[in-house]
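# Predicted structure and sequence below. I'll ask about it afterward.
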Amino acid sequence: MIIRLLYFENLVKAWRVALFGIYGFRNFTTQSFMEHSKKFKEQDMEIRMEGKNCVVTGANSGIGFATAAGLASRGATVRLVCRNQERGEAALSRIKSSTGNPNVFLEICDLSSMSDIKSFASRISSRDEPIHVLVNNAGLVNNDRVITPEGLEMNFAVNSVGTFAMTELMLPSLKKAAPDARVITVSSGGMYSAPLPKDFQSDERNFNGALQYARDKRLQVALTERWAELHGEEGIGFYSMHPGWADTPGVATSLPGFRQRLTGKLRTTEEGADTVIWLALQPKEKLTSGAFYFDRAEAPKHLPLAGTAGSHANIVSLVESLRSLSNL
Ligand SMILES: NC(=O)c1ccc[n+]([C@@H]2O[C@H](COP(=O)([O-])OP(=O)(O)OC[C@H]3O[C@@H](n4cnc5c(N)ncnc54)[C@H](OP(=O)(O)O)[C@@H]3O)[C@@H](O)[C@H]2O)c1
């Protein structure tokens, strides 16, 4: 009986991954970006951001770097949140010189560490500065099960707990920018392949980095929905999004086989960052708080026949676990 159940469970998992793969090949490549961009409006990206304070996590590389550069080029004050001083400084100097914007700053913070996130939040709060845009971009797929010094599995620590804690701790500064404040969380189409589980950290025996990542990314979408419900009246908009499949250092390191199979089909980092920047620029009346976006449009949170839709009900208890895990 147990063997039959396990077999069925694995069959369902494989079915969801297959559905996601088929949908992804049709929609997430650079060719589909070109196709979807026929509907884009040039003027949507012509909005300036002088006087707006933005925080971008994981800004030294890939989609985060392209996002930070795109916001800085439109005149925003941008704080690059990076875990490594050297990589952060290199990104800072490239962005300053390519955009000519002097208001770009580096903040060192490891998103897998609650104590780092708390010190970053207290630095921001001591400056009493409103945050107009928080981009939760930092993320990773770690194929090995690594435990952080604070006792959390690494994918879960950065993608889930880090995103949760960063957003919760930025709420007071976001409220100062209301009604124009927004939180944009860079999730992934990978979340289509997993429902939201009831509890989170996978044990050593059953560890699967890709599945953990998909669950973390599903959590980001469900959290965005929940934050929109809880903070709807406070002038903060919450949006999650998928960048498409982009050729980034993260993909090269963690998914080399996938990258090789998609040679010539992956998006550029600028194409990956396009919807993040679009979400940062649009008047909020145009956007739906709690929604999931892809290629400048609202996108479904579940694929037909994937059986993931009911799982978002678990978010209420998961938020409580995240709060206690992050000691907030
Ligand atoms: N590329 C894609 O096809 C794709 C598809 C769907 C979703 N995404 C999402 O897009 C986001 C950006 O990924 P990417 O593809 O641009 O990969 P990337 O080039 O590896 O960028 C990830 C960024 O996150 C940072 N980061 C990782 N762990 C961190 C930590 N503990 N503390 C602080 N920063 C940390 C990295 O810093 P280091 O350089 O120091 O490692 C890097 O700056 C991720 O959330 C990813 O899940 C990407």
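Nice, I can see it. Residues are numbered from 1 along each chain as shown.

# quick one: low-confidence parts of this protein?
1-6, 201-203 (pLDDT under 70).

# 80 - rerun?
Across the chain, the ranges flagged by pLDDT under 80 are 1-9, 200-205.

# got the residues of it near the ligand?
Residues of the chain lying near the ligand by Cβ under 6 Å from any ligand atom: 58, 60-64, 83-84, 87, 110-112, 137-140, 158, 186, 188, 242-243, 245-246, 248-251, 272. (C-beta placed from N, C-alpha, C; glycine too.)

# Residue 219: how many residues sit nearby?
30 (other Cβ atoms under 10 Å).

# Could you measure from the closest residue to it other than its chain neighbours over to residue 140?
Nearest non-adjacent residue to residue 219, counting by Cβ to Cβ, 6 or more residues apart in numbering: residue 160, 5.1 Å away. Using Cβ to Cβ, to the nearest Å, we find residue 160 at a distance of 12 Å from residue 140.

# Tell me which of the two has more neighbours.
Taking neighbours as other Cβ under 10 Å, residue 160 and residue 140 compare with residue 160 leading, 28 against 19.

# Distance check, the more buried one against residue 220.
Distance from residue 160 to residue 220, by Cβ to Cβ: 7 Å.

# swap in residue 19?
20 Å.

# between those two, who's got more neighbours?
Higher neighbour count among residue 19 and residue 220: residue 220, with 25 against 18, using other Cβ under 10 Å.

# The more buried one and residue 194 touch, don't they?
No: using Cβ atoms under 8 Å, residue 220 makes no contact with residue 194, being 11.8 Å away.

# hmm, back to that, among the residues of the chain next to the ligand, name the buried ones.
Buried subset of the residues of the chain next to the ligand (neighbour count, 16 or more other Cβ atoms under 10 Å): 58, 60-64, 83, 87, 110-112, 137-140, 158, 186, 188, 242-243, 245-246, 248, 250-251, 272.

# tell me which element residue 86 is part of?
Following DSSP states H and E, one finds residue 86 within helix 85-99.

# Report the buried residues of that helix.
By neighbour count on 16+ other Cβ under 10 Å, the buried set for helix 85-99 is 87-88, 90-92, 95-96, 99.

# how far does the helix or strand just after that helix sit from the chain's center?
Later in the chain than helix 85-99, the nearest helix or strand by DSSP H and E is strand 104-108. Computed by Cα atoms, centre = their mean, to the nearest Å, the chain-centroid distance of strand 104-108 equals 19 Å.

# what does the helix or strand following strand 104-108 rub up against?
On the C-terminal side of strand 104-108, the closest following helix or strand by DSSP H and E is helix 114-126. Contacts with helix 114-126, where a contact means Cβ atoms under 8 Å, 6 or more residues apart in numbering, come from 55, 79, 81, 83, 107-111, 131, 150, 161-162, 165-166, 169-170, 172-173, 326-327.

# quick one, helix 114-126 and strand 104-108 angle?
140 degrees (axes from the mean of the first three to the mean of the last three Cα atoms, to 10 degrees).

# CA-only coordinates of helix 114-126, as PDB, when you get a sec.
Written as PDB, here are the backbone C-alpha positions of helix 114-126 (Å, rounded to 0.1, in the frame of the first residue of the first chain):
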ATOM      1  CA  MET A 114      18.600  36.600  10.000                       C
ATOM      2  CA  SER A 115      21.100  38.600  11.900                       C
ATOM      3  CA  ASP A 116      22.400  40.200   8.700                       C
ATOM      4  CA  ILE A 117      18.900  41.000   7.600                       C
ATOM      5  CA  LYS A 118      18.100  42.600  10.900                       C
ATOM      6  CA  SER A 119      21.200  44.800  10.900                       C
ATOM      7  CA  PHE A 120      20.400  45.900   7.300                       C
ATOM      8  CA  ALA A 121      16.800  46.800   8.400                       C
ATOM      9  CA  SER A 122      18.100  48.800  11.400                       C
ATOM     10  CA  ARG A 123      20.500  50.700   9.200                       C
ATOM     11  CA  ILE A 124      17.600  51.600   6.800                       C
ATOM     12  CA  SER A 125      15.300  52.500   9.700                       C
ATOM     13  CA  SER A 126      18.000  54.700  11.400                       C
END
